[in-house]
Structure formats: C-alpha cells, structure tokens
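S.K.: Provide a 3D model corresponding to the input given below.
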Amino acid sequence: MRLSSSAISDGGPIPISFTCDGENLSPPLAWSEAPSETRSFALLCDDPDAPSGTFHHWALYDIPADRTELAQGADRNASTGGFHRALNDFNRLGYGGPCPPRRHGPHRYQFRLLALSAEHLTLRKDPSCRDVEREARKFVLDEAGFVGRYER
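M.R.: Purely as a prediction, here's the structure:
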C-alpha cells in the first residue's frame with residue numbers, strides 16, 4: 001500500500017498553510033494498492049519529536065474502503081465525507097497542524113494510513129487519537145506512510 005501527498009514529499013518540508021502558523025488545513029492525501037479485503041481505513045498523524053513525548057495531531061476513522069484520497073481541507077468536511085474525527089492532543093476534534101515549540105528544531109510529522117478488516121471501529125463518542133489507533137491496531141491488514149518536517 002502507498003500513501004502520498006501532492007503538497008508534502010516524503011522527508012520534505014510541510015508548507016505553512018498546513019500548520020498553526022498558516023491556515024491549519026489538512027493536506028491533500030492519496031493512497032493506492034490497499035489489500036482487496038480492506039473494509040475501511042484509519043488515518044493518523046503524530047509528532048514523535050514533541051518535548052513531552054509523541055503528540056497526536058490527527059486521526060480519522062471509518063473512512064470508507066472505496067475512498068482513495070482526501071482533498072486539501074477535507075477534515076473540515078468530515079460530516080459529509082463519510083468518516084469520523086478524533087480528539088487530537090490540542091483537545092480539538094480533527095486536524096491540528098504542526099505547531100512545534102519555537103527554536104526547538106525540526107520535528108517529524110508521521111502521516112500513516114491503516115487498511116482495516118473492520119468496516120467500523122467500536123469507539124466512545126469523541127475518542128482520542130490514541131483510542132483510534134489502539135482500536136484500529138486490532139484490525140490492521142496493511143500500513144503506509146510518509147514523513148513531513150516542520151520547525152518554527
């Protein structure tokens with residue numbers, strides 16, 4: 001399976017429009033080569049370089065198996081997109097763009113897509129990103145990802 005973004009190359013910089021210093025838009029994403037038995041997807045984004053440990057910026061779940069992309073800013077249209085958003089570590093639903101401490105150096109932002117054998121995850125209302133990943137890991141068929149970098 002492959003996951004990519006037309007706006008962020010693997011290992012490359014994250015444009016400011018996708019960060020807290022810009023418009024805080026979720027980036028455009030596309031994927032391919034999912035296993036034929038995929039029933040849904042979960043999408044995760046986290047920062048393992050945060051001073052207090054991994055910081056979870058985004059989790060989407062119950063993404064329909066027939067989806068192969070998310071447009072720029074798609075997170076803001078979750079109610080019509082057929083998927084659900086989790087609470088990020090900013091304590092807000094949905095995407096929270098890169099926002100590392102100033103002068104802390106470059107941070108890596110890991111975007112990961114999980115192909116799942118379950119159509120729906122059983123989660124409480126407004127689950128955390130950690131809750132989504134914990135539940136999704138029970139059903140993983142395949143995983144793909146890339147890393148973007150950002151510093152302030």
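S.K.: so for the longest helix anywhere in the chain, mean pLDDT?
M.R.: If you go by DSSP state H, the chain has its longest helix at helix 129-136. When pLDDT is averaged along helix 129-136, the result is 98.
S.K.: from residue 27, how far off is the closest residue to residue 113 other than its chain neighbours?
M.R.: Leaving aside its sequence neighbours, residue 113 sits nearest to residue 3 (C-beta to C-beta, 6 or more residues apart in numbering; 4.4 Å). Quick note: C-beta positions are derived from backbone N, CA and C, even for glycine. For residue 3, the distance to residue 27 equals 11 Å [C-beta to C-beta, to the nearest Å].
S.K.: and those two? Which one has more around it.
M.R.: residue 27 (25 against 21; other C-beta atoms under 10 Å).
S.K.: mind checking the SS state of the most centrally placed residue in the chain?
M.R.: Centroid-nearest residue in the chain: residue 44, 3.2 Å away (criterion: C-alpha atoms, centre = their mean). Classification of residue 44 using DSSP: H, G, I helix; E, B strand; the rest coil returns strand.
S.K.: for it, give me its contacts.
M.R.: 56, 58, 59, 110, 111, 112, 113, 114, 129, 132, 133 (C-beta atoms under 8 Å, 6 or more residues apart in numbering).
S.K.: if you set the cut-off to 10 Å instead, what comes out?
M.R.: Contacts for residue 44 (C-beta atoms under 10 Å, 6 or more residues apart in numbering) come out as 56-61, 86, 110-114, 129-130, 132-133, 136, 143, 145.
S.K.: same deal with residue 88?
M.R.: By C-beta under 10 Å, 6+ apart, the neighbours of residue 88 are 45-46, 55-59, 94-97, 128-129.
S.K.: most neighbours among these, which one is it?
M.R.: residue 59 (27 neighbours).
S.K.: could you pull out the strands for the chain?
M.R.: 2-4, 29-32, 40-47, 55-64, 69-70, 84-85, 107-116, 140-150 (DSSP state E).
S.K.: any stretches of this structure with poor pLDDT?
M.R.: Within the chain, the ranges that satisfy pLDDT under 70 run 79.
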